[in-house]
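J.: quick one, structure for this:
(one chain, ligands or ions: 1)
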Amino acid sequence: MPDFTVTIYYENSNIYPGNEFYRRQEAAKTMAKNFNLPFTQAPYKPEDWFRSVRGLRDEPERGRRCEACIYHRLNKTFQYAKSNGFQAVATTLSVSRRKDINQINAIGYDLAEKYNIEFVGKNWKKDNGETLSQQRAKDAGIYRQNYCGCIYSKLQNTNSKLQEK
Ligand code: SF4
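T.: Sure, this is the predicted structure:
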C-alpha cells in the first residue's frame, strides 16, 4: 500500500541549455509513465531563475547559489501545490549524494510554514535510495545527466574534465 498518491511536478528553469531542459523532461516523463504517475510540467523560464541567483555565480555547489536555486524551484512547486489542492510536497533533489539534505529540508520546512502544506523531508538516500534510483533509470534506458543543471555547474563539470586530461 503506497503512503501517498503522487503527482510529478517538473520545475527546472535552472537547467542550461534549453535542449537539456527538454531532454531531462522527456526522461522524467518516461519514468512517470513507467510508474503510472500523472506528470505536470512547469513552463521553462530561465530568466526568472537567473533573477533569483543574481550575484551568486561564483558560489561553490551546495553554497548560497544552490540555496537560492532550490528555494526558487521549491517555492514554485509549493505555489502549484497550493493552487491545486495538494496536501504535501516532497522533492527528488535530496536523492543525489551531491546535494545537502539539510539545506534542502530547511528550505522545504520554511515553505511548508509559508504555504501551510506539509513538506515530506525524508532522507531518500537512506536504504540505498540513490543506488536504487540510478538502477531504475538505467533499467528504463533514460538519459542520465552528468552535471547538476545550471550553466555554472556545466562549466564546472567541463573544467574538471579538462583538468583530468
Ligand atoms: S549547481 Fe545545481 S542546485 Fe546549485 S545552482 Fe546550479 S542547478 Fe541549482
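J.: who's in contact with the helix or strand bottoming out on mean pLDDT in the chain?
T.: For the chain, the helix or strand with the lowest mean confidence is helix 151-164, at a mean of 85 (criterion: mean pLDDT, DSSP states H and E). Identification of contacts with helix 151-164 by CB atoms under 8 Å, 6 or more residues apart in numbering yields 16, 17, 57, 61, 65, 146, 147. In short, each C-beta sits where N, CA and C put it, glycine included.
J.: max-length helix in the chain?
T.: Ordering each helix of the chain by length in residues (DSSP state H) puts helix 64-83 first.
J.: I'd like the mean pLDDT over stretch 51-69, please.
T.: The pLDDT scores in stretch 51-69 average 96.
J.: buried subset of the contacts of helix 151-164, written for PyMOL?
T.: The PyMOL command for the buried members of the contacts of helix 151-164 (criterion: 16 or more other CB atoms under 10 Å) is given here:
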select buried, resi 16+65+147
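J.: now, the most widely separated pair of the contacts of helix 151-164?
T.: Across the contacts of helix 151-164, no pair lies farther apart than 57 and 146, at 20.3 Å, counting by CB to CB.
J.: just the strands in this structure please.
T.: According to DSSP state E, the chain carries its strands in the segments 8-10, 39-41, 88-89, 118-119.
J.: a markdown table for these, including mean neighbour count?
T.: Listed next are the strands of the chain as a markdown table, based on neighbours: other CB atoms under 10 Å:
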| stretch | mean neighbour count |
| --- | --- |
| strand 8-10 | 18 |
| strand 39-41 | 14 |
| strand 88-89 | 17 |
| strand 118-119 | 18 |
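J.: who in this protein is up against the ligand?
T.: Residues of the chain lying close to the ligand (CB under 6 Å from any ligand atom) are 14, 61, 65, 66, 69, 70, 148, 149, 150, 152, 153.
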